[in-house]
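In: The sequence and its predicted three-dimensional model are supplied below.
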2 protein chains.
Amino acid sequence: MKIISGGITAPMGFQAASAEARIKYEGRKDMAMIMSTAPCRAAGVYTTNKVKAAPVLWDKEITDNSPNVKAVVINSGIANACTGQEGMEICRDIAEAAGSALHAMPSEILVCSTGVIGMQIPLERMKAGIGALVPALSDSEEAGLQAARAIMTTDTKPKQIAVELSLSGRKVTIGAMCKGSGMIAPNMCTMLAFVTTDAAMEKSLLQKALKDVVEDTFNMVSVDGDTSTNDTLLLLANGEAENPEITEENEEYHAFCNALYYICEQLARQIAADGEGATKLLTVKVKNAASKEAAKTMARSIARSSLVKAAMYGSDANWGRILCAMGYAGVPFDPEKAEVGIESEAGSLLLYNGAPVPDIDEDYATKILKAEEVIVNADCHDGEAGATAWGCDLTYDYVKINADYRS
Amino acid sequence: MKIISGGITAPMGFQAASAEARIKYEGRKDMAMIMSTAPCRAAGVYTTNKVKAAPVLWDKEITDNSPNVKAVVINSGIANACTGQEGMEICRDIAEAAGSALHAMPSEILVCSTGVIGMQIPLERMKAGIGALVPALSDSEEAGLQAARAIMTTDTKPKQIAVELSLSGRKVTIGAMCKGSGMIAPNMCTMLAFVTTDAAMEKSLLQKALKDVVEDTFNMVSVDGDTSTNDTLLLLANGEAENPEITEENEEYHAFCNALYYICEQLARQIAADGEGATKLLTVKVKNAASKEAAKTMARSIARSSLVKAAMYGSDANWGRILCAMGYAGVPFDPEKAEVGIESEAGSLLLYNGAPVPDIDEDYATKILKAEEVIVNADCHDGEAGATAWGCDLTYDYVKINADYRS
């Protein structure tokens, strides 16, 4: 597997476009389209929130039941969440407009929205946006990057990645982009992530691959613990690489899953590092826990703790808060066996090993904690399972971004 | 039931004292003692964190097994958490020193600590503190108030309350004090709460009353969602009111429980309102949920949401975040049936009723949200169960308090 430049337009047959549609923002691009020249198989993973935005319901129906997908239409600014029947009708209208422009059925058009909850999308502007997007479609790297910018809300950076791998002797490419800064940002919802590939794989296996990979990647990110109404991860595969279609969990399937895992892990890290107000990426590694579930729960509990996050912001080696967050995670854990340490490019330091480590060099600890990525190492000495979670520090700017008025 | 002035020294036979022992702080009182002239029956409820501070283990043994309790010794500054065997020995030494000074057995002395995790308590200073506390014991209201001050960490206000009621024709008094500002504050842990009463009641019923009441009061408070290693709620009953001993769940038992509920509810509100950095009290009332458990889970989910809390700080009527927090609580909930509104002494306003309420008067909403106590009303129209949770807003000062260095 090789990392290459670009994002969603890197795989063969995928094009992208972006446009200024003034859905809610002014003076910036706020719509994007992903289109495949050949029909795609699509898989999707969605928010577990009981409050599901209209596009989530629309897309799930399609990834569950439509054999083919042609394109994805995305807007930022308004989330189309808590919008009732009208919101669902707007999804259909968008899909019809895009389908008509692309000579596809509405059931072949996925729709994603991110932004303010509870506002209706101005349909005419969306339609005008689609009119501008279709002729602008391009397979250039720049078109992919501009699409990654157009879907941003409070994100400060576009997020994309692409890799190449070989399956049965054929070159296969996977590209991706995503956005997300708070699980919900200032009434902006959502993590949206899009993965494109020219691999040929059976639809049910695509869905399985996506579901397995998301558990250890996107689902291990916490910016503020608030699970959005719009979270969506889509995988589109158009088969243009002409590898023999993957129809069982063979070596090629696992090679594809590994590459997909890498893509999703890197995007998860990018989301955490660009968390609202964040000044640093927090990577939490739990090792030797009693079970995988226990490891994941503890890793997320640490990454989510407001007190750990505030200590990270203050570059304070406050191991008591880490241990405390492991203790209230509600899974098997014996503090007397545990070790807790910190690590970064500046070095590593053990802070607790069943008892406080005496005479910690606080200056050295501060130096480690001042890095752009800080790793918390928590070894439970209680089994063989491990997990990694990603988060960020809790800063004045997080409060500022989220206390400021919606407008 | 009548609210009276005072706190833990209000019931007959209870005395308190406070002292400057320099456990960690300088220039302020940091030790307190509660003592009963007559032997008490004691009940306790403790943290569910797997990391339990030494005093939690010590006290649970006593409230489970000792027939009588004479006194409680409390210090602030150091939590005696994550301190291993040495921490347990310090508890025993403190209990022996206090027992010896009060002519009681070590098994009749409860010990509570709150403060920094992972530091050992300087035993000689504690012993000197006990030496100062015992001769200073007094049943005056002032002694109770000073004890409530001595146990504070990042709290900005002492917290106490007392009520009188009549049981079988006898006047019975219940008094209480507590501290707690973060579930853990800057490496300071804990909610500690102490309830004294001169009521006569069987030990097993005292424990049942306390356990039942804590579920809907203290357990419904969230400042930051971090469950401390030291959380402790103790109830001491010395029988000095000479009411006929309550030995079954009769009318007197329920009257006592109602008064205890009021005491714990008021202290829970005081803790939430004095949450680290808080500028306002957030009361969340969930009504007509499918089950009591669903109502409690949703109420806590709203009160705990960083995004709701930040919106409260910004006085932003951001109902989408409230609905979202109900949706990810993981309990039965139908957003299409729900109503969400806000209320304060400045008025009340419906924001969502299965769909966004059109044309919300945002100025009026802001006025409501600028009050010292804001109530979020969430009606599920999905059953008959209700619950109330308390929290506070998320402010720059929360980040400041918790990012600042431990020293």
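Out: Alright, I've got the coordinates.
In: Please count neighbours and contacts with C-alpha atoms only from this point.
Out: Will do.
In: And for whichever residue of the stretch 51-200 of chain A sits closest to chain B, the neighbour number?
Out: The minimum distance from the stretch 51-200 of chain A to chain B, using Cα to the nearest Cα, falls at A:Val51 (5.0 Å). Counted with other Cα atoms under 10 Å in any protein chain shown, the neighbours of A:Val51 add up to 24.
In: for the residue lying closest to it once chain neighbours are set aside, phi and psi?
Out: Using Cα to Cα, 6 or more residues apart in numbering or on different chains and skipping the chain neighbours, the partner closest in space to A:Val51 is B:Gly327 (5.0 Å). Here is the backbone geometry of B:Gly327 (degrees, to the nearest 10): phi -70, psi -30.
In: what about B:Gly327, neighbour count?
Out: 25.
In: right, and it touches A:Lys50 too?
Out: Yes: if you go by Cα atoms under 8 Å, B:Gly327 and A:Lys50 touch, sitting 4.4 Å apart.
In: Just checking stretch A:276-291 against chain B, any contact.
Out: No: contact of stretch A:276-291 with chain B (Cα under 8 Å from any Cα of the partner chain) is absent, the minimum separation being 11.2 Å.
In: Tell me the gap between that stretch and the middle of its chain.
Out: 16 Å (Cα atoms, centre = their mean, to the nearest Å).
In: how about A:Ala42, what does it touch?
Out: When contacts are counted by Cα atoms under 8 Å, 6 or more residues apart in numbering or on different chains, A:Ala42 is found next to A:63, A:67-69, A:203, A:206-207, A:234-237.
In: Can you lay out those as JSON lines showing pLDDT?
Out: Below are the contacts of A:Ala42 laid out as JSON lines (pLDDT from 0 to 100):
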{"residue": "A:Thr63", "pLDDT": "96"}
{"residue": "A:Pro67", "pLDDT": "95"}
{"residue": "A:Asn68", "pLDDT": "96"}
{"residue": "A:Val69", "pLDDT": "97"}
{"residue": "A:Lys203", "pLDDT": "96"}
{"residue": "A:Leu206", "pLDDT": "97"}
{"residue": "A:Gln207", "pLDDT": "96"}
{"residue": "A:Leu234", "pLDDT": "95"}
{"residue": "A:Leu235", "pLDDT": "96"}
{"residue": "A:Leu236", "pLDDT": "97"}
{"residue": "A:Ala237", "pLDDT": "97"}
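In: Pull out the buried residues from stretch A:137-146.
Out: The neighbour-count check on stretch A:137-146 (16 or more other Cα atoms under 10 Å in any protein chain shown) flags A:137-141, A:143-146 as buried.
In: can you map out the helices along the stretch 251-400 of chain A?
Out: A:251-273, A:292-304, A:306-313, A:319-327, A:362-369, A:396-403 (DSSP state H, counting those that start in this stretch).
In: Rebuild those as a markdown table, extending it with distance to A:Asp379.
Out: As requested, these are exported to a markdown table (distance: least, Cα to Cα, whole Å):
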| stretch | distance to A:Asp379 |
| --- | --- |
| helix A:251-273 | 21 |
| helix A:292-304 | 10 |
| helix A:306-313 | 17 |
| helix A:319-327 | 11 |
| helix A:362-369 | 18 |
| helix A:396-403 | 30 |
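In: among those helices, which is nearest A:Arg92?
Out: Shortest distance between A:Arg92 and the helices of the stretch 251-400 of chain A, using Cα to Cα, is found for helix A:251-273: 29.1 Å.
In: other SSEs contacting that closest one?
Out: When contacts are defined as 3 or more Cα pairs under 8 Å, 6 or more residues apart in numbering or on different chains; DSSP states H and E, helix A:251-273 packs onto strand A:159-167, strand A:170-179, helix A:203-216, strand A:281-289, strand A:385-392.
In: Compare the helices of the stretch 251-400 of chain A and report which one is nearest to A:Gly118.
Out: Per Cα to Cα, nearest to A:Gly118 of the helices of the stretch 251-400 of chain A: helix A:396-403, 16.9 Å.
In: and the closest one, anywhere near chain B?
Out: Yes: applying Cα under 8 Å from any Cα, one finds helix A:396-403 touching chain B at A:396, A:399-400, A:402-403.
In: Just name the closest of those residues to B:Met177, please.
Out: A:Val399 (31.6 Å).
In: Do you know the pLDDT at the closest one?
Out: Model confidence at A:Val399, given as pLDDT, is 84.
In: correct me, but it touches B:Thr395?
Out: Yes: in this structure, A:Val399 is within contact of B:Thr395 by Cα under 8 Å, at 6.2 Å.
In: Leaving out chain neighbours, which residue sits closest to A:Ala268?
Out: Nearest non-adjacent residue to A:Ala268 (Cα to Cα, 6+ apart): A:Phe218, at 5.2 Å.
In: Around the one you found, how many other residues sit close by?
Out: 23.
In: name the element the residue of the stretch 51-200 of chain A closest to chain B belongs to?
Out: Element membership for A:Val51, per DSSP states H and E: none, as it lies in no helix or strand.
In: picking that back up, closest to A:Pro39 out of the helices and strands packed on helix A:251-273?
Out: From the helices and strands packed on helix A:251-273, taking Cα to Cα, the stretch that ends up closest is helix A:203-216, at 12.3 Å.
In: Kindly reformat the buried residues of stretch A:137-146 as JSON lines and extend each row with secondary structure.
Out: Output for the buried residues of stretch A:137-146, formatted as JSON lines (DSSP: H, G, I helix; E, B strand; the rest coil):
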{"residue": "A:Leu137", "secondary structure": "coil"}
{"residue": "A:Ser138", "secondary structure": "strand"}
{"residue": "A:Asp139", "secondary structure": "coil"}
{"residue": "A:Ser140", "secondary structure": "coil"}
{"residue": "A:Glu141", "secondary structure": "helix"}
{"residue": "A:Ala143", "secondary structure": "helix"}
{"residue": "A:Gly144", "secondary structure": "helix"}
{"residue": "A:Leu145", "secondary structure": "helix"}
{"residue": "A:Gln146", "secondary structure": "helix"}
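In: before we move on, the earlier item: A:Arg125 is nearest to which of the helices and strands packed on helix A:251-273?
Out: strand A:170-179 (22.0 Å).
In: Output the helix or strand that that closest one is followed by as CSV, nothing but the C-alphas.
Out: Beyond strand A:170-179 on the C-terminal side, the first helix or strand identified by DSSP H and E is strand A:192-197. C-alpha atoms of strand A:192-197 as CSV (Å, rounded to 0.1, in the frame of the first residue of the first chain):
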residue,chain,number,x,y,z
LEU,A,192,-19.6,13.5,7.0
ALA,A,193,-17.0,11.2,5.4
PHE,A,194,-16.9,9.9,1.8
VAL,A,195,-14.7,7.1,0.5
THR,A,196,-14.4,6.4,-3.2
THR,A,197,-12.6,3.4,-4.8
